[in-house]
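1. just to be clear, the model below is a prediction. Sequence and coordinates:
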Amino acid sequence: MPQERETSAVLTVPGHSAADAEHAERNYCGYREVVRNSFKQWYKNNRDSWSGTTTNDRVTHFAIAAAPTGEDQPGSGPARVLDIGCGRGLQTASLAEWLEAEVTGLDLLDVWDTPDVKNGSIRFHQGDFLAFRAEGLDLLVDNGCLHHQRREDWAPWVEHGRKMLRPGGVWVVSVFLSPDGEITPHPLADGRLNWWLTERLVTELYEANGFRFTGSLEIDRHFEYEGHQLKYLTLSFVAV
Ligand SMILES: C[S@@+](CC[C@H](N)C(=O)[O-])C[C@H]1O[C@@H](n2cnc3c(N)ncnc32)[C@H](O)[C@@H]1O
């Protein structure tokens, strides 16, 4: 399976000086290391309870239903898919299998552990989403990655993905749904952020960056935390 590695991220904010951009880049790289080290420990200790769950299957089914038809062949499925923050790559394989598509799994860590697929194809790329380059993609799937990013990176994140999608392409994103309607960060002891988000916030974020909302699904996690029944919120957006 081809594997590539990439480490640099480019973040520029319009209207800021080169020094500001350099500072933002250093900050971003620092936080990305926090995220990478945090997930590394969780995977190493087999604490990745999110991998291969039935809640993930529901996100996969939602993504398949939301996927656009092929650009050149009406009636066919999407040809090129990016699985952002693919982790073990199980969903990467399911997407290839079900959509018969060419799917790239992208993650900061090379922890993929994926069965062979009979339909479509999969490849993996180790690196940061903001440093990944592609164009003309049909479908982006982000199951559980955006909600670990810093708030100031959300807009550049969505903007970056928009540039990789063709017009009419679709982005499916699944996040922690805020149980109390508040947008709050819930940092872990190691510094990784777990943002609780709302449908309104995510929709406004995407619609401000070249997308139109097309659907959403609440997925029960069957997990109680501080008196709240936690859920995921999965949304789809089409690139306009
Ligand atoms: C909660 S896990 C979800 C994994 C997978 N999507 C799943 O549902 O099983 C989030 C993943 O995102 C990856 N990740 C976080 N920030 C990332 C970034 N900036 N670029 C690429 N991957 C990232 C982490 O390494 C981790 O594997």
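-> That came in fine, so what should we check first? Numbers count the residues shown, from 1 in each chain.

2. pretty sure residue 64 sits against residue 100.
-> No. At 10.9 Å, residue 64 does not count as touching residue 100 under the criterion of Cβ atoms under 8 Å. C-beta: built from backbone N, CA, C; applies to glycine.

3. tell me what the lengthiest strand in the chain is packed against?
-> Ranked by residue count under DSSP state E, the longest strand found in the chain is strand 211-225. Contact here means 3 or more Cβ pairs under 8 Å, 6 or more residues apart in numbering; DSSP states H and E; on that basis strand 211-225 packs against helix 54-66, strand 165-177, helix 199-207, strand 228-239.

4. show residues contacting whatever helix or strand comes next after the first one.
-> Pointing back at helix 54-66 there. Downstream of helix 54-66, the next assigned helix or strand under DSSP states H and E is strand 80-84. Contact with strand 80-84 is made by 67, 89, 91-92, 95-96, 99, 101-106, 129, 132, 134, 136-143, 145, 161, 164, as judged by Cβ atoms under 8 Å, 6 or more residues apart in numbering.

5. mind saving the C-alpha coords of strand 80-84 as PDB?
-> The C-alpha trace of strand 80-84 is given here as PDB (Å, rounded to 0.1, in the frame of the first residue of the first chain):
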ATOM      1  CA  ARG A  80     -12.300  10.300  -5.500                       C
ATOM      2  CA  VAL A  81     -12.800  10.500  -1.700                       C
ATOM      3  CA  LEU A  82     -10.600  11.800   1.100                       C
ATOM      4  CA  ASP A  83     -11.100  10.300   4.700                       C
ATOM      5  CA  ILE A  84      -9.700  13.100   6.900                       C
END
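
6. report the angle between it and strand 165-177.
-> 30 degrees (axes from the mean of the first three to the mean of the last three Cα atoms, to 10 degrees).

7. strand 80-84 pairs with which strands?
-> strand 102-107 (parallel), strand 137-143 (parallel) (DSSP bridges).

8. what's the last one in contact with?
-> Applying Cβ under 8 Å, 6+ apart, the contact partners of strand 137-143 are 56, 59, 63, 67-68, 70-71, 78-85, 91, 95, 99, 101, 161, 164-166, 169-174, 234.

9. residue 199: how many residues sit nearby?
-> By other Cβ atoms under 10 Å, 16 other residues sit near residue 199.

10. er, residue 107 I mean
-> Residue 107 has 25 nearby residues by other Cβ under 10 Å.

11. so what's it up against?
-> Counted by Cβ under 8 Å, 6+ apart, residue 107 has contacts 85, 86, 87, 89, 124, 126.

12. can you tell me the closest non-neighbouring residue to the first one?
-> Sequence neighbours aside, residue 145 is the residue nearest to residue 85 in space, at 3.0 Å (criterion: Cβ to Cβ, 6 or more residues apart in numbering).

13. how close does that neighbour get to the ligand?
-> From residue 145 across to the ligand, the span is 4 Å (Cβ to the nearest ligand atom, to the nearest Å).

14. what residue ranges in this protein score low on pLDDT?
-> Filtered on pLDDT under 70, the chain yields the residue ranges 1-16, 21, 24, 71-75.

15. spatially central, which residue of it would that be?
-> Residue closest to the mean C-alpha point of the chain, counted by Cα atoms, centre = their mean, is residue 142 at 2.2 Å.

16. that one pairs with what?
-> As for beta bridges, residue 142 partners with residue 84, residue 173 under DSSP bridges.

17. burial of residue 194, as a residue count?
-> Residue 194 has 14 neighbours, counted by other Cβ under 10 Å.

18. quick one: name the residues of the chain near the ligand.
-> 32, 35, 39, 50-51, 56, 85-88, 91, 106-109, 128-129, 143-145, 148 (Cβ under 6 Å from any ligand atom).
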